[in-house]
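>>> Predicted structure and sequence below. I'll ask about it afterward.
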Amino acid sequence: MLDTSRWPELTLDVLKDVHLDPKNVRLETADAKVEADIMEDLFVNEDALSLVEGICKVGYLTHEVPVVIKRDDKHIMVEGNRRLAALKAIQNPMLVPDYASRVSGLAALLTDRSMVAKVKVMVAPNQEDADQLVAAIHTGNLRRPWTPGRQAAFFQAQIDAGRDYSDLLVRYPTIDVRKFVFRAHIINLFKSVKYHDASLTDFLATKQWARGLSTLARIYESKQFLELTGLSMDSDGMVTKAVSEEDFKEMATVIVQGMMDGNINTRSLNSVNSPRYLQLMRELAAIVDGGESATVVEQVTDAAQTVERGTKDVESGTGAPEPGTKQAATPSPQPTGYTTSPPRKRRPQRYLDLGQIRPPASYPQALKLLLGELSVLDVQAYPNVAFLGVRAALEKSIKSFAEGKSVEIKNTGNCQNGRVQLGHALNWLLEYVKANGPTHLKQVLESVRSGKLVAYTTTKDALDAQNHNHHFCVSPDEVIQMWASIDSLMRYLMKP
């Protein structure tokens with residue numbers, strides 16, 4: 001067992017008495033024998049400059065004692081090379097010429113740089129023991145890193161203890177205090193919501209929620225979300241929002257439900273142009289003002305895509321004229337109320353609107369995953385896959401609904417032999433709705449079940465054909481029409 005309590009301690013001059021380790025595993029430069037090369041490597045590849053900043057603004061922290069060994073009658077730093085490089089640079093900035101001005105500027109913040117001219121170290125008895133310690137520190141995970149939520153909670157606790165936001169900015173000059181305080185306020189906003197579904201409140205106390213805070217950050221840090229909610233933090237650390245409490249409650253419900261179901265995560269929100277992100281923004285905009293803000297979301301997306309297309313056009317030679325080519329004259333401004341360009345063509349719908357389809361916690365995870373995947377599937381690109389997904393979602397939702405009522409469909413007379421299929425499920429559901437309501441769903445079920453409609457693709461027969469008939473296919477519009485025809489039914493099935 002390693003016992004460092006018996007290792008002697010020394011105080012050494014950082015420039016004269018202790019040397020950087022050329023065998024340091026941090027180094028990108030192999031066999032760096034000259035100390036100047038090691039210094040440069042640690043500043044370029046290990047950001048030793050940020051450590052210089054921390055020492056000059058906060059102070060040299062002594063809770064971890066660097067470790068040296070005697071090698072060729074010299075004290076060589078085996079644990080703490082980055083700190084030693086920072087301390088050496090503070091004493092002599094010209095040891096890192098490319099960073100000299102910045103180091104000098106930071107060192108000027110010290111009242112007396114001689115205060116960090118010496119460093120206390122432990123002396124390891126041999127290289128083997130030193131290697132064992134280094135391995136334990138850097139590969140053994142002895143120190144548990146703080147999660148984003150824990151980082152935010154630390155600063156929230158500071159505020160709750162009575163410290164002003166401005167005091168925290170001074171107290172922690174090298175830390176992005178604003179980011180953590182804002183995150184703490186946002187987390188508290190979501191936790192303070194009185195959700196209709198108690199399972200959402202319970203979810204906020206789980207490890208899954210804590211692990212998902214990076215997902216939440218992708219939402220609340222986005223420009224579109226901030227514009228929709230009006231969330232902002234002033235110079236005193238106070239957070240305000242423009243949306244009403246009821247609207248924020250609905251928005252929080254959509255977000256937390258999606259995180260709990262697993263279809264809102266860092267993968268599905270990997271960019272502000274990802275399908276799930278755009279769908280989420282449309283759902284939130286619909287809550288705020290009935291969808292008017294969704295136009296803003298679409299405009300932002302269109303602008304980004306236009307810039308991207310323009311860049312590609314220029315790169316390919318189609319977006320800008322060749323040098324010397326005469327350009328068309330810029331048309332004169334037209335009087336107000338006139339336009340010289342045709343109206344913009346309406347963009348086709350690319351994704352099914354599953355914003356209000358929220359399966360309860362008791363429904364199988366397989367259904368939740370299917371709905372999540374269906375919500376981000378590009379219908380224009382994959383209409384037949386989407387149609388299959390709609391069929392599967394409808395059948396699984398009816399079966400989940402029946403299971404929630406403690407009903408076995410195969411025992412209701414709707415399925416005499418074999419597996420319960422979509423037709424059996426629809427027959428049972430029609431009987432259930434006729435007996436229990438709501439009455440408006442009878443016509444919906446009859447139209448889907450009958451197969452006698454003009455719009456054939458909105459029928460059960462078409463759904464079965466897509467699953468079994470290898471000659472049958474659908475268009476994107478037919479998928480969207482099918483989903484629209486069962487939207488009210490799907491919403492009903494989500495409330496067992």
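Here it is on my side, so go on. Given the structure is predicted, the values throughout are model-derived calculations rather than measurements.
>>> buried stuff in stretch 188-204?
189-190, 193, 195, 200, 203-204 (16 or more other Cβ atoms under 10 Å). Heads up, the C-betas are built off the backbone N, CA and C, glycines and all.
>>> next structured bit after the helix or strand bottoming out on mean pLDDT in the chain?
Least confident helix or strand of the chain, by mean pLDDT, DSSP states H and E, is helix 292-316 with a mean of 44. As assigned by DSSP states H and E, the chain's next helix or strand after helix 292-316 is helix 365-375.
>>> State the mean pLDDT of that next one.
Helix 365-375 comes out with an average pLDDT of 88.
>>> by contact count, what packs against the helix or strand just after that helix?
The helix or strand immediately downstream of helix 365-375 is helix 383-404, counting by DSSP H and E. Applying 3 or more Cβ pairs under 8 Å, 6 or more residues apart in numbering; DSSP states H and E, we find helix 383-404 packed against helix 365-375, helix 422-436, helix 460-468, helix 476-493.
>>> CSV for those, including distance to L109?
Putting the helices and strands packed on helix 383-404 into CSV (distance: least, Cβ to Cβ, whole Å) gives the following:
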stretch, distance to L109
helix 365-375, 51
helix 422-436, 72
helix 460-468, 70
helix 476-493, 61
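>>> hey, least reliable of these by pLDDT?
Minimum mean pLDDT among the helices and strands packed on helix 383-404: helix 460-468, a mean of 60.
>>> Output the below-cut-off pLDDT ranges for the chain.
Within the chain, the segments meeting pLDDT under 70 span 24-33, 135, 138-147, 149-150, 161, 289-347, 413-418, 449-472.
>>> In three-state terms, label the spatially most central residue of it for me.
Central residue of the chain (Cα atoms, centre = their mean): T215, 3.0 Å from the mean position. Each residue gets one of three states, and T215 gets helix by DSSP: H, G, I helix; E, B strand; the rest coil.
>>> Would you mind confirming that it makes contact with N270?
No. Between T215 and N270 there is no contact, the gap being 10.5 Å when judged by Cβ atoms under 8 Å.
>>> Please report the distance of S101 from T62.
Look at S101 and T62: by Cβ to Cβ, to the nearest Å, they are 28 Å apart.
>>> One more: L87?
From L87 over to T62 (counting by Cβ to Cβ), the distance is 12 Å.
>>> ditto for Q127
Taking Cβ to Cβ, one finds Q127 at 25 Å from T62.
>>> quick one: which of those two has more around it?
For Q127 and T62, the more surrounded residue by other Cβ atoms under 10 Å is Q127, and the numbers stand at 14 against 9.
>>> I'd assumed I69 was in contact with the more buried one.
Yes. With contact defined as Cβ under 8 Å, Q127 reaches I69; the gap is 6.0 Å.
>>> Tell me the residues that contact both of those two, please.
V78 (Cβ atoms under 8 Å, 6 or more residues apart in numbering).
>>> tell me the phi and psi of I175?
Here is the backbone geometry of I175 (degrees, to the nearest 10): phi -110, psi 140.
>>> ok, it - how many residues close by?
16.
>>> And it, how far from I398?
53 Å.
>>> domains for this protein, by residue range?
Per automatic domain parsing, the structural domains of the chain span 4-139, 190-309, 365-493.
>>> Distance to I159 for the ones you listed - can I get that in CSV?
Shown next, in CSV, are the domains of the chain (distance: least, Cβ to Cβ, whole Å):
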stretch, distance to I159
domain 4-139, 20
domain 190-309, 7
domain 365-493, 36
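>>> Spell out, range by range, the helices that occur in the stretch 1-150 of the chain.
Taking DSSP state H, counting those that start in this stretch, the helices of the stretch 1-150 of the chain run over residues 35-45, 48-57, 81-91, 100-107, 127-139, 148-160.
>>> and those helices, which is most packed in?
Comparing those by mean neighbour count (mean count of other Cβ atoms under 10 Å), helix 81-91 ranks first with a mean of 24.
>>> So what's the residue count around A393?
Neighbours of A393 under the rule other Cβ under 10 Å: 23.
>>> and what of the one 5 residues further on?
Residue crowding around I398 was assessed by other Cβ under 10 Å; the count is 23.
>>> which one is it nearest to, not counting chain neighbours?
Excluding its sequence neighbours, the residue lying closest to I398 (Cβ to Cβ, 6 or more residues apart in numbering) is A425, at 4.1 Å.
>>> My guess is the one you found contacts I409. True?
Yes. Between A425 and I409 there is a contact at 6.0 Å, judged by Cβ under 8 Å.
>>> Adding distance to Q151 and mean neighbour count, write the helices and strands packed on helix 383-404 out as JSON lines.
Shown next, in JSON lines, are the helices and strands packed on helix 383-404 (distance: least, Cβ to Cβ, whole Å; neighbours: other Cβ atoms under 10 Å):
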{"stretch": "helix 365-375", "distance to Q151": "28", "mean neighbour count": "18"}
{"stretch": "helix 422-436", "distance to Q151": "48", "mean neighbour count": "18"}
{"stretch": "helix 460-468", "distance to Q151": "49", "mean neighbour count": "18"}
{"stretch": "helix 476-493", "distance to Q151": "39", "mean neighbour count": "19"}
